[in-house]
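>>> Build me a structure from this.
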Amino acid sequence: MRTVALLAYDGAQVLDLMGPAEVFYVADQLAGGGIYGVHIVSADGRDTVSASGLRMGVASSLAELDGPIDTFLIPGTPHWARLMEDEPLLAVLRSGADRARRVAAVCAGAFLLGSVGLLEGRRATTHWLFLDDLAERFPATTVERNPIFVGDGRVFTCAGVTAGIDLALALVEADHGPDLTRQVAQFLVVFMQRPGGQAQFSVRMRTQPPARSPLREILDAIVADPAGDHRVAALSERAGFSERHLARLFLRELGMTPARYVDQVRVEAARMLLEVSDAPLDTIARRAGMSSAEALRRSFTREVGTTPHAYRQRFRTTGVAAGTA
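Numbers count the residues shown, from 1 in each chain. This next block holds a predicted model:
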């Protein structure tokens, strides 16, 4: 029986806490019991109120939890900058970390780990919105910008909110192998391993021009039909201004050329097809607007950092080898 202690505190994000808790609980149930004991704890044993106002019931204080802790998990919070100075909270965090075989933080919980020295000299990640802040506040930490989760020794960090589920699945796989983990993922209706990293988030969401930009309709049209004719000449004709002016607008508002934007959209379309289809790469390339499987490989590897084939394979495991967690 491995004890999993999840630290609740006022202002924590409830899904950061409850998502991983469900993963460990479901794993225990599917295994017939006896492999995980899941405990929601707080500093003083009292219930806490999450950032969204939801009251979180706790079983006990951390000090009242008997025996060794296998996994100690800290959820994130939108109030991380203030809570980095909350010495009573940090004292509880230190105590739990000292008792645990491994320590995990979800989302901005990484800032709390850093505040007690647990990120010193380690690799770590956090929500994509706070990556620069993490690097600035903890210069001795190597901030990984793309992974959904990172493990370095006994310390684990992950990206925002639902990434806590991905991390918990990886820890279950390290403990009990891929078969049980696959069953847990299926029960929870989630990917055993989320495809891609934090760089996967929609190209259209990442590239927001000003509200009244003439590019908005063009960008939406490209996303709506990635395989369409999106050469600069065609885009210019549809937009109603010169190719040179179009290129200047893209560089000024998006920081890239029209061709690069189109390529990113097509890679995203190919990524989505790879997730749901067993079609050959030539077929996927054509549907995504690329000339060949080789063109797809080149663009996909440049934008995603892995090949289309390797990307498909990642659905079959959480990405953490047993014994590394």
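>>> Centre of the chain to stretch 230-240, how far?
36 Å (CA atoms, centre = their mean, to the nearest Å).
>>> mind listing what's buried in it?
By neighbour count with 16 or more other CB atoms under 10 Å, stretch 230-240 contains the buried residues 230, 232, 235, 236, 239. In short, each C-beta sits where N, CA and C put it, glycine included.
>>> average pLDDT for it?
Throughout stretch 230-240, pLDDT has a mean value of 93.
>>> Can you flag which of the buried residues of stretch 230-240 belong to helices?
In helices, defined here by DSSP state H, the members of those are 232, 235, 236, 239.
>>> roughly how far apart are the third one and residue 49?
So that's residue 236. Relative to residue 49, residue 236 is positioned 55 Å away (CB to CB, to the nearest Å).
>>> For the longest helix anywhere in the chain, list the C-alpha coordinates in PDB.
In the chain, taking DSSP H as the definition, the longest helix is helix 258-276. What follows is helix 258-276, C-alpha atoms only, in PDB (Å, rounded to 0.1, in the frame of the first residue of the first chain):
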ATOM      1  CA  PRO A 258       2.300  33.900 -44.200                       C
ATOM      2  CA  ALA A 259       4.000  30.700 -45.300                       C
ATOM      3  CA  ARG A 260       5.100  29.800 -41.800                       C
ATOM      4  CA  TYR A 261       1.700  30.400 -40.400                       C
ATOM      5  CA  VAL A 262       0.100  28.200 -43.100                       C
ATOM      6  CA  ASP A 263       2.700  25.500 -42.300                       C
ATOM      7  CA  GLN A 264       1.900  25.600 -38.600                       C
ATOM      8  CA  VAL A 265      -1.800  25.200 -39.300                       C
ATOM      9  CA  ARG A 266      -1.200  22.300 -41.600                       C
ATOM     10  CA  VAL A 267       1.000  20.600 -39.000                       C
ATOM     11  CA  GLU A 268      -1.700  21.000 -36.400                       C
ATOM     12  CA  ALA A 269      -4.300  19.500 -38.800                       C
ATOM     13  CA  ALA A 270      -1.900  16.600 -39.500                       C
ATOM     14  CA  ARG A 271      -1.500  16.100 -35.700                       C
ATOM     15  CA  MET A 272      -5.200  15.900 -35.200                       C
ATOM     16  CA  LEU A 273      -5.500  13.400 -38.000                       C
ATOM     17  CA  LEU A 274      -2.700  11.300 -36.500                       C
ATOM     18  CA  GLU A 275      -4.600  11.100 -33.300                       C
ATOM     19  CA  VAL A 276      -7.800   9.700 -34.800                       C
END
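>>> which sections of the stretch 201-325 of the chain are below the confidence cut-off?
Scanning the stretch 201-325 of the chain with the threshold set as pLDDT under 70 gives 201-211, 314-325.
>>> ok, 90 please
201-225, 238-239, 241, 253-255, 268-269, 271-279, 303-306, 309-325 (pLDDT under 90).
>>> okay but residue 190 is in contact with residue 168, surely?
No. Under the criterion of CB atoms under 8 Å, residue 190 makes no contact with residue 168, lying 10.3 Å away.
>>> Those two - which one has more neighbours?
Taking other CB atoms under 10 Å, residue 190 and residue 168 do not tie; residue 168 has more neighbours (31 against 16).
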